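Student: Have a look at this prediction, sequence included:
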Amino acid sequence: MYEMNNIMDSAMKSFLLKLAIFLVGTALALAAPPSNAKTINIELWGTNTPGCGGNANPCGSFLAALFHAAPGDRIVVGPGRYQGSVIIGAPFSGLRVESRAGRFATIIESTGPGLEAVTIRASNVRFGRKGKGFTVTGASDGGIFGILLDEPSASGIRIEGNRITGNDRGLELSGNKLLVRHNLIDQNDVWGINCIGCINSRFEDNEIINNGDRGIRLIGGSENNIVRRNEIRNNQGMGIASTDSSTRLQVRDNAIVYNDGNGVQLQRGGGSLMQGNILLYNGGNDLDFDQDAESGPTTIQNNLSVKSRYAAFEFREIVNGSFRNNLAVATRDEMAIRLEVDATFANFSGNGSYGTHDGCGLENESGFPLTFSRHHFGPGGEPDDSPFDNDGLDGVCGTDTIDGTISQKPPAFRANVARRL
């Protein structure tokens with residue numbers, strides 16, 4: 001029996017090994033471009049003749065290159081300014097488009113009224129990559145986008161390594177499993193990125209700066225998205241705004257600084273995670289949040305707020321949330337942490353607040369008692385403010401009950417974003 005068990009164990013291990021090799025091989029095959037994929041070249045000096053696209057006879061326009069392209073092909077674009085609109089339709093699934101000389105040397109400029117610079121409607125398209133992207137500009141005739149992804153059924157599209165600038169709006173996106181990474185999105189008239197119903201998508205390592213409204217806007221039931229390691233700075237609206245029941249959003253390790261509105265606003269954003277962000281000198285609340293209870297509890301942890309215009313952290317309709325190891329420093333006009341109507345927390349621990357404008361580190365107006373643990377309160381920001389109120393707790397205010405234990409040390413802020421500042 002012992003020998004039989006050994007034989008069966010050996011056979012099972014062999015089977016599992018073969019299965020693993022098969023699955024890995026299948027995944028690599030699916031991820032790789034087709035074996036017959038070809039490279040089509042574009043140069044400003046090229047010609048739009050039949051058979052163009054080779055090294056010796058490059059095409060002279062995107063239109064001609066797309067005429068010769070097939071799903072999975074690669075289009076490589078030489079330096080220069082290419083005027084007109086690029087439309088990658090549904091038949092071109094898996095197409096890869098990249099520049100030879102990078103985004104500052106290779107420009108796509110929309111020149112027609114009411115036309116986006118780049119429109120993508122095919123799945124698994126890769127537009128640009130780090131060091132091989134484009135400048136996308138000129139789409140500025142009223143509500144027009146630099147890059148438009150308007151096919152909700154499309155998935156797996158990647159926008160990487162580009163500069164999107166000088167458009168009415170930077171990017172408007174719909175779809176599943178999108179990746180927007182290593183882009184500079186700046187000086188667009190309205191928002192930088194607008195997501196309508198984006199699902200399971202990632203926005204990583206972008207610079208989203210100096211846009212005329214919000215840096216990133218998620219609406220239309222966007223769900224299960226990740227916004228991380230971005231610099232979101234000097235936008236004339238909010239840094240990040242998630243509204244219209246857009247839920248389960250992860251906001252992690254971002255620098256959200258010097259925006260004119262709230263740093264982050266999550267409305268009906270239940271089931272979300274906000275972790276490891278630095279919020280500095282924003283013109284509203286650094287985090288303004290209310291939650292849809294049906295979408296699950298939200299976690300806010302290891303965030304640093306400095307010099308917010310109003311409250312550093314403001315909450316409404318939070319149900320059994322977790323708020324821990326956050327630090328609010330030197331608010332300019334209001335208290336550090338404010339709980340408004342129906343805000344309750346299952347875990348409210350290890351946070352800190354000091355240097356607040358009105359001497360109030362923690363205000364409870366939720367209608368429910370709050371019990372905290374290990375909270376560090378520093379003195380108020382005004383010279384005559386006392387750090388103590390009538391309850392004997394350091395920096396506490398509001399009409400509802402607050403009680404808990406006090407820490408003599410502020411929380412140890414830990415985040416990966418400090419290197420961006």
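Tutor: Noted; the coordinates are in hand.

Student: Show me the residue at the heart of this structure, geometrically.
Tutor: With distances taken as CA atoms, centre = their mean, residue 227 lies nearest the centre of the chain, 2.6 Å away.

Student: Make sure it is indeed in a strand.
Tutor: Yes. Judged by DSSP: H, G, I helix; E, B strand; the rest coil, residue 227 forms part of a strand.

Student: is it true that it touches residue 203?
Tutor: Yes. Residue 227 is in contact with residue 203 according to CB atoms under 8 Å; the separation is 4.8 Å. (C-beta placed from N, C-alpha, C; glycine too.)

Student: Which residues are in contact with each of those two?
Tutor: residue 216 (CB atoms under 8 Å, 6 or more residues apart in numbering).

Student: bridging residues for residue 77?
Tutor: Following DSSP bridges, residue 77 is listed with bridge partners residue 42, residue 99.

Student: Look up how far residue 83 lies from it.
Tutor: 13 Å (CB to CB, to the nearest Å).

Student: Specify which residue of these two has the higher count of neighbours.
Tutor: residue 77 (27 against 13; other CB atoms under 10 Å).

Student: For the more buried one, give me its contacts.
Tutor: When contacts are counted by CB under 8 Å, 6+ apart, residue 77 touches 41, 42, 43, 62, 97, 98, 99, 100, 106, 134.

Student: Quick one: residues contacting the residue nearest to the first one when sequence neighbours are not counted.
Tutor: Spelled out, it's residue 41. Leaving aside its chain neighbours, residue 41 sits nearest to residue 58 (3.9 Å; criterion: CB to CB, 6 or more residues apart in numbering). Going by CB under 8 Å, 6+ apart, residue 58 touches 41, 42, 43, 45, 46, 47, 52, 78.

Student: How many neighbouring residues does the second one have?
Tutor: Yep, that's residue 42 we're talking about. Here the number of neighbours of residue 42 (other CB under 10 Å) works out to 26.

Student: Can you check the pLDDT for it?
Tutor: Here the pLDDT value assigned to residue 42 is 98.

Student: what does the last one give?
Tutor: Note on residue 78: pLDDT of 98.

Student: Low-confidence ranges, the stretch 251-400 of the chain, go.
Tutor: Screening the stretch 251-400 of the chain residue by residue with the criterion pLDDT under 70, one finds the ranges 292-294, 357-359, 378-394.

Student: Hmm, residue 197 and residue 176 touching each other?
Tutor: No. Checked against CB under 8 Å, the pair residue 176 and residue 197 is beyond contact range at 9.1 Å.

Student: Output the contacts of residue 77 in a markdown table; the columns should cover distance to residue 208.
Tutor: Conversion of the contacts of residue 77 to a markdown table gives the following (distance: CB to CB, whole Å):
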| residue | distance to residue 208 |
| --- | --- |
| 41 | 32 |
| 42 | 28 |
| 43 | 32 |
| 62 | 26 |
| 97 | 22 |
| 98 | 22 |
| 99 | 21 |
| 100 | 26 |
| 106 | 21 |
| 134 | 17 |
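
Student: where does the stretch 101-250 of the chain dip in pLDDT?
Tutor: Regions of the stretch 101-250 of the chain meeting the criterion pLDDT under 70 cover residues 143.

Student: at 80 what do you get?
Tutor: Scanning the stretch 101-250 of the chain for pLDDT under 80 picks out the ranges 112, 141-143, 244-246.

Student: ends of stretch 139-152, how far apart?
Tutor: Taking CA to CA, to the nearest Å, stretch 139-152 runs 22 Å from one end to the other.

Student: Tell me where this protein has helices.
Tutor: Secondary structure of the chain (DSSP state H): helices located at 2-31, 62-68.

Student: Compare the mean pLDDT across these and name the weakest.
Tutor: helix 2-31 (a mean of 41).

Student: ok, the contacts of residue 58 vs residue 72, which is closest?
Tutor: For these, the closest approach to residue 72 (CB to CB) belongs to residue 41, at 16.5 Å.

Student: burial count for the closest one?
Tutor: 20.

Student: Likewise for the one 4 residues further on?
Tutor: Residue 45 sits with 8 neighbouring residues when counted by other CB under 10 Å.

Student: again with residue 49
Tutor: By the measure other CB under 10 Å, the count of residues near residue 49 is 11.

Student: if I read this right, residue 242 contacts residue 267, doesn't it?
Tutor: Yes. When contacts are counted by CB under 8 Å, residue 242 is listed as touching residue 267 (6.9 Å).

Student: between the two, who's got more neighbours?
Tutor: Each of residue 242 and residue 267 has its neighbours counted (other CB under 10 Å); residue 242 has more, 26 against 18.

Student: so who does that one touch?
Tutor: 217, 218, 219, 222, 249, 265, 266, 267, 269, 272.

Student: Quickly note the distance from residue 234 to residue 210.
Tutor: 5 Å.

Student: now residue 320
Tutor: Between residue 320 and residue 210 the distance is 39 Å, computed by CB to CB.

Student: In terms of neighbours, single out the busier of those two.
Tutor: Regarding residue 320 and residue 210, a neighbour count based on other CB under 10 Å identifies residue 210 as having more, with 17 against 13.

Student: related to what we said a few turns ago, filter the contacts of residue 242 down to just the ones in strands.
Tutor: The subset of the contacts of residue 242 located in strands under the criterion DSSP state E comprises 217, 218, 219, 265, 266, 267.

Student: Turn these into a markdown table, columns for distance to residue 289.
Tutor: Conversion of those to a markdown table gives the following (distance: CB to CB, whole Å):
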| residue | distance to residue 289 |
| --- | --- |
| 217 | 16 |
| 218 | 14 |
| 219 | 16 |
| 265 | 8 |
| 266 | 5 |
| 267 | 8 |
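
Student: Neighbour-wise, which one of these leads?
Tutor: Neighbour counts for the ones in strands among the contacts of residue 242 were taken using other CB under 10 Å; the highest belongs to residue 218, which has 29 neighbours.

Student: show me the residues around that one that make contact.
Tutor: By CB under 8 Å, 6+ apart, the contact list for residue 218 reads 195, 198, 225, 240, 241, 242, 243, 246, 249.
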